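Participant: Just need the structure, nothing else, for what follows:
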Amino acid sequence: MTTTRRLTGFKPTGHLHLGNLLGALRPLLAAQAHTDSIAMIADLHALTMDHDPARVRALTLEQATVLLAAGVDPDRTPIIVQSQVPEHTELHYLLECVAGFGEAARMIQFREKSAGGGHVRLSLLTYPVLMAADILLHDIDQVPVGEDQNQHLELARTLATRFNTRYGKTFTVPEGVRPEAAARVMDLAEPSAKMGKSGSTGRIALLDPPEVVHRTIARAVTDELAVVRRDPDRQPGVTNLIDILAACSGRAPGDGHSYGKLKREVTDAVEALLTPIRARHAELSADPGHVREILAAGVAAVRPRAIAAVRRTRTALGLLN
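Facilitator: Down below sits the predicted model:
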């Protein structure tokens, strides 16, 4: 029986947070039993902007450790660091030979960050092609995507289809999926924006201590209506709290709830989710060599398929193997 192949990526530009857990990690865990999944830490993508090299290294190892602590089973789901699989960058260049400048330049991140002028790294322009290589390298059938990632997935699909048409069947054309278990978590201080890895007081990092979690939720933006109900347009902050409660505990607030009681219930639900992750992370962090061994095993597991994919691509393009 053919097993669906799925890729989920995490960029080490900040600490993984509650939105990552509910929107990406939880669906990854749910898919482990019935898909052939890969969890990739996309460290090369972290280089498209100014960065601290030591911080990128530290966050890469931290994210791998958090994935394990959250329940990713490396025997079922290889955890790989993108830069440790050299075929990612080789396929990146080969795909650039079929991609157009306009296709890369119209990507929203490049347009937004280059609009102000100043120094813009070439990698910011070309990284969507690297993202396509990340997917096509591993014969991926499904890519979990949010609304902000649709454009990148469509480029991967376009390049795969174009390559297959011009040079013969070489790549699987991936499909985007919205996992049923996914949840969209908004920033607690600015509920009109998604929770992000840095730059806000309204995010809950998965390794935040209990007092920080409590303080962040206690300060969450609500409104003057004093009614606990889902109303994304008029009450986005309250709606976000209700959705977090539902995603973490599977329950909705009861009738007659005050904002204070809602926040206490959200705090309890989030803490119930994060406490075992923090504990397991502390255990794994005590032996970083073990985590590095798991990453090396992940690379060993995926490289044969990656090497074969690059060899097919080289042959199709007319290069000597």
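
Participant: May I ask which helix or strand of this protein has the lowest mean pLDDT?
Facilitator: Sorted by mean pLDDT, DSSP states H and E, the helices and strands of the chain end with helix 108-114, the least confident at a mean of 74.

Participant: Show residues contacting that one.
Facilitator: For helix 108-114, contacts defined as Cβ atoms under 8 Å, 6 or more residues apart in numbering pick out Met49, Ala104, Ala105, Val120, Leu124, Leu125, Pro128, Asp148, Gln151. Just so you know, the C-beta spots here come from the backbone N, C-alpha and C atoms, and that holds for glycine as well.

Participant: rerun at 7 Å
Facilitator: Contact partners of helix 108-114, identified using Cβ atoms under 7 Å, 6 or more residues apart in numbering, comprise Ala104, Val120, Leu124, Leu125, Gln151.

Participant: how near is Leu270 to His17?
Facilitator: If you look again at residue 270, you'll see it is Val, not Leu. When distances are taken as Cβ to Cβ, to the nearest Å, Val270 and His17 turn out to be 11 Å apart.

Participant: And Asp50, by the same measure?
Facilitator: When distances are taken as Cβ to Cβ, Asp50 and His17 turn out to be 22 Å apart.

Participant: which of these two has more neighbours?
Facilitator: Neighbours around Asp50 and His17, counted as other Cβ atoms under 10 Å, are more numerous at His17. The numbers are 22 against 7.

Participant: Is the more buried one bridged to anything, and to what?
Facilitator: According to DSSP bridges, Ala205 are recorded as the beta-bridge partners of His17.

Participant: That one reaches Ile204, doesn't it?
Facilitator: Yes: here His17 reaches Ile204: they are 5.8 Å apart, a contact under Cβ atoms under 7 Å.

Participant: Give me the number of neighbouring residues for Asp231.
Facilitator: If we define neighbours as other Cβ under 10 Å, then Asp231 has 13 of them.

Participant: ok, now the one 3 residues further on?
Facilitator: The tally of other residues near Arg234 (other Cβ under 10 Å) stands at 11.

Participant: So it versus Lys194, what's the distance?
Facilitator: When distances are taken as Cβ to Cβ, Arg234 and Lys194 turn out to be 20 Å apart.

Participant: how about the CA coordinates for stretch 308-321, as PDB?
Facilitator: What follows is stretch 308-321, C-alpha atoms only, in PDB (Å, rounded to 0.1, in the frame of the first residue of the first chain):
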ATOM      1  CA  ALA A 308      18.000   9.600  -6.200                       C
ATOM      2  CA  ALA A 309      15.900  12.700  -6.800                       C
ATOM      3  CA  VAL A 310      18.900  14.900  -7.600                       C
ATOM      4  CA  ARG A 311      20.300  12.200  -9.900                       C
ATOM      5  CA  ARG A 312      17.000  12.000 -11.800                       C
ATOM      6  CA  THR A 313      17.000  15.800 -12.100                       C
ATOM      7  CA  ARG A 314      20.600  16.000 -13.300                       C
ATOM      8  CA  THR A 315      19.900  13.300 -15.900                       C
ATOM      9  CA  ALA A 316      16.700  15.000 -17.100                       C
ATOM     10  CA  LEU A 317      18.600  18.300 -17.500                       C
ATOM     11  CA  GLY A 318      21.400  16.800 -19.500                       C
ATOM     12  CA  LEU A 319      24.200  16.700 -16.900                       C
ATOM     13  CA  LEU A 320      26.600  13.800 -16.600                       C
ATOM     14  CA  ASN A 321      26.100  11.600 -13.500                       C
END
